[in-house]
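>>> here you go, sequence then predicted model.
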Amino acid sequence: MEHISEKRYPVSAKDYKLYEEVGEGVSAIVNRALCIPLNEIVAIKVLDLERCNNDLDGIRREVQTMSLINHPNLLRAHCSFTIGHNLWIVMPYMAGGSCLHIMESAYPEGFEELVIATLLRETLKALVYLHAHGQIHRDVKAGNILINSDGSVKLADFGVSACMFDTGDRQRSRNTFVGTPCWMAPEVMQQLHGYDFKADIWSFGITALELAHGHAPFSKYPPMKVLLMTLQNAPPGLDYERDKRFSKSFKEMVATCLVKDPKKRPTSEKLLKHQFFKHARSNEYLARAILDGLPPLGERFRLLKAKKADLLLQNKALYEDKEQLSQQEYIRGISAWNFNLEDLKSQAALIQDFDGIPNAEDPDVSMKQKDRNNNVEPTAERLSHERANHSTTAPCHQDDFSDLHDLESSLPSFPIKPLQALKGCFDVGDDDVDGTSPDWKGTAQSDYAANVVNQESEANNTDNLGRSSSLPRNVVAEHKKFLSGPLMPDNAFSPKKIVGDENRDFLQPKYQPDRNYSGPLLYRQKRDANNPSSEGAVVQRKGRFKVTSADLSPKGPTNCYFSPVCGGSTSPSTSNLTAASVLPSLHCILQQNTMQREEILKLIKYVEQNFGKQMESAEAATNDLLPVYVLFSFFKKKLILFLVQNFLMLIVEFLA
Ligand SMILES: Nc1ncnc2c1ncn2[C@@H]1O[C@H](COP(=O)(O)OP(=O)(O)OP(=O)(O)O)[C@@H](O)[C@H]1O
């Protein structure tokens, strides 16, 4: 247990001198600073309360947790206080920065195994402590593992943590959809039975892969796709061929964490006893191995920002060329989860054909499809066997789908629930974005910026949308998509709020856009001032369907009307759609599809049983029914395959 410092940190801004910016997340920026009376370097996380989408509860939780925890591997807050509408959280300065930043600067392919073992052991100790105290972290990832110059490791960021012993509202928070998609456990996405500390074990496994490869699995895909892939694909893992440089015990450790059934995952305490952590070294080793030769954190951070801004400029040029090609995907995205057009454009540029997805990140995923929903704790032998066969094993649909029971058990994992869960995350509500809206260009930053003595960060903070660089505003906005961050159910606290087009971007949280596609989901409701109200007007075309405004009337699902459309033409009015208006229709399609699927399955079962009975008798085997039965068996497989693919495509079409 760490000795709690008796030092009293001042709770007044004048006692601190802000230096350069050393990090930024979804909701905050972090500066190195000097605590003048104590003559001590600290880090100060500055959150603009007005831009936190009313997530005051989350902030309160973070501050509370950060000041109560007492463990050497957890980042504890020295103190916190408000200045105007900014909240300052004063904490120890971790001069090495986050593992994510270190990888981005110097280890893009990931760390070596001994480093990973050491980093993960320290992180796991933090989780053991948190779990023993009934706390779920919910955002374990390399970006939240911080290292000090002496190599000590601390897990940070309690913005979305939850207490397992909570009751009432906070208990309900464990049924909410928080975390960062790539690191998020399937049960958190599924929203079926809530979740517990085992969700952290899943994220821990994903973090292990992130540290091994330099990025999390599926990190190049948009959040909604990550959700689908996490739910549908076999769990990601270390590949026996591709990851030859890693030991069997590392692969095994990752595999034990990444089991879809949370009950089959080990507790943090049990995991800490795993053979893999016996390799872990000292903090000094860590400092020598990964921090030696790195520039100071502030400089690294500045270089990274510049690099990302450059990349964005290149990407922009790239997807301008691809404008035509990506148009289809781009249009698709509009009625899905994301209403930021720039976001959609960049997503479209990245989206590949969904059918090709399983192999893109993890070449053995398609092979592992058979293991979908596997509840068996994987052994190295099993994985080894799978991987040994991986080059020759194509997904065998016939085998996969020849058993109705297999099929039925796989269907519930289709992500209907996440869609429902996401529904609450859209901004819906009044038009009031005026008086209460912060003035993004001025006041919000001013109290804070006044304290920044470093010219560089001062320049960056004068305009929150342009603070990253001198790039044009639109470029900066895109640039900011490249860091990851937690999924903020940002509108859960303001479900009635409507954001007009013109204000939507302004209402993005101050530091929100810094993310890549593995980053947070920030759902925005776009209310269309020009929305055609005439019944029957086509307001949306989605692949094979068109949705008319009549569909969007509040008559309930039975009034949904979808009719086939030809070709891939897209309606310009698509961009005027609102999330709230489309969701009931989406829901309806899914419901209808589920019902149809169930009906067909019932029919198949019925026919099968009746044929089965007849076929049991010796006479029947020789009668005319035999060819019919063979034909039926053949079509059954085809039909099931068709059903599954169709259902999948339907969801993908709407959510991609
Ligand atoms: N005490 C610290 N010392 C040094 N760097 C820090 C410290 N705290 C945070 N950082 C850096 O700032 C970044 C953002 O901080 P933090 O994660 O707390 O913000 P956030 O808005 O909660 O981010 P996210 O929600 O994306 O995880 C971190 O990833 C890390 O690189």
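Yes, it's here.
>>> where does pLDDT dip in the stretch 201-350 of the chain?
Applying pLDDT under 70 to the stretch 201-350 of the chain flags the ranges 316-350.
>>> residues near the residue of it found nearest the ligand, how many?
Going by C-beta to the nearest ligand atom, the ligand is nearest to Leu297 of the stretch 201-350 of the chain, at 6.4 Å. All C-beta spots, glycine's among them, are computed from the backbone N, C-alpha and C. Neighbourhood size, Leu297 [other C-beta atoms under 10 Å]: 27.
>>> hmm, it is touching Ile102, no?
No: the pair formed by Leu297 and Ile102 falls short of the contact definition of C-beta atoms under 8 Å, at 9.5 Å.
>>> right, and Phe246 touches Leu211 too?
No: with contacts counted by C-beta under 8 Å, Phe246 stays clear of Leu211, the gap being 10.8 Å.
>>> who are the contact partners of the residue lying closest to Ala208 once chain neighbours are set aside?
Spatial nearest neighbour of Ala208, chain neighbours left out: Val254 (5.0 Å); criterion: C-beta to C-beta, 6 or more residues apart in numbering. Val254 makes contact with 205, 208-209, 237-238 under the criterion C-beta atoms under 8 Å, 6 or more residues apart in numbering.
>>> check the residue in the stretch 151-300 of the chain that the ligand sits nearest to and give its pLDDT.
Per C-beta to the nearest ligand atom, Asp157 is where the stretch 151-300 of the chain lies closest to the ligand, at 4.3 Å. At Asp157 the predicted local confidence, pLDDT, stands at 80.
>>> ok, now Tyr9?
In the predicted model, Tyr9 carries a pLDDT score of 94.
>>> Asn73 contacts Val128, doesn't it?
No: the pair Asn73 and Val128 fails to qualify as a contact (C-beta under 8 Å) at a distance of 9.1 Å.
>>> between these two, which one's more packed in?
Neighbours per residue (other C-beta under 10 Å) separate Asn73 from Val128, with Asn73 holding more: 21 against 18.
>>> which ones are touching that one?
Asn73 makes contact with 122-123, 125-126, 129, 153-155, according to C-beta under 8 Å, 6+ apart.
>>> state the pLDDT value of it.
Note for Asn73: predicted pLDDT of 96.
>>> for the remainder of this discussion, apply numbering that starts at 8.
Sounds good: first residue 8 from here, last item Asn80.
>>> measure it to Ser156 for me?
Noted for Asn80: a distance of 16 Å to Ser156, by C-beta to C-beta, to the nearest Å.
>>> for Pro243, same thing?
In this structure, Pro243 lies at 33 Å from Ser156, with C-beta to C-beta as the measure.
>>> try Phe118
Following C-beta to C-beta, the distance that separates Phe118 from Ser156 is 18 Å.
>>> looking at the two now, which is surrounded by more residues?
Each of Phe118 and Ser156 has its neighbours counted (other C-beta under 10 Å); Phe118 has more, 24 against 14.
>>> how about the contacts made by the closest residue to that one other than its chain neighbours?
Here the nearest residue to Phe118 in space, its sequence neighbours aside, is Leu218; by C-beta to C-beta, 6+ apart that works out to 5.4 Å. Taking C-beta under 8 Å, 6+ apart, we find Leu218 in contact with 106, 110, 117-118, 122-123, 126-127, 149.
>>> would you mind giving those as CSV with distance to the ligand added?
Shown next, in CSV, are the contacts of Leu218 (distance: C-beta to the nearest ligand atom, whole Å):
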residue, distance to the ligand
Cys106, 9
Met110, 11
Gly117, 17
Phe118, 16
Val122, 18
Ile123, 18
Leu126, 14
Leu127, 17
Ala149, 9
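>>> in those residues, find the pair that's most separated.
The widest separation within the contacts of Leu218, taken as C-beta to C-beta, falls between Met110 and Leu127 and amounts to 13.9 Å.
>>> quick one: low-confidence ranges for the stretch 58-207 of the chain?
Across the stretch 58-207 of the chain, residues meeting the criterion (pLDDT under 70) sit at 58-65, 68-69, 72-74, 166-187, 198-201.
>>> pull up the residues of it that are close to the ligand.
For the stretch 58-207 of the chain, the contact set with the ligand under C-beta under 6 Å from any ligand atom comprises 82, 98-101, 104-105, 108, 150-151, 153, 163-164, 166.
>>> out of those, which is most surrounded?
Gly150 (29 neighbours).
>>> hmm, that one is touching Ser105, no?
Yes: under the criterion of C-beta under 8 Å, Gly150 is in contact with Ser105, at a separation of 5.0 Å.
>>> what helix or strand does Glu116 sit in?
In this assignment (DSSP states H and E), Glu116 forms part of neither any helix nor any strand.
>>> can you check Leu310 too?
For Leu310, the element it lies in under DSSP H and E is helix 304-328.
>>> other SSEs contacting that helix?
Secondary structure elements in contact with helix 304-328, counted by 3 or more C-beta pairs under 8 Å, 6 or more residues apart in numbering; DSSP states H and E, are strand 23-31, strand 104-105, helix 106-113, helix 348-357, helix 480-486.
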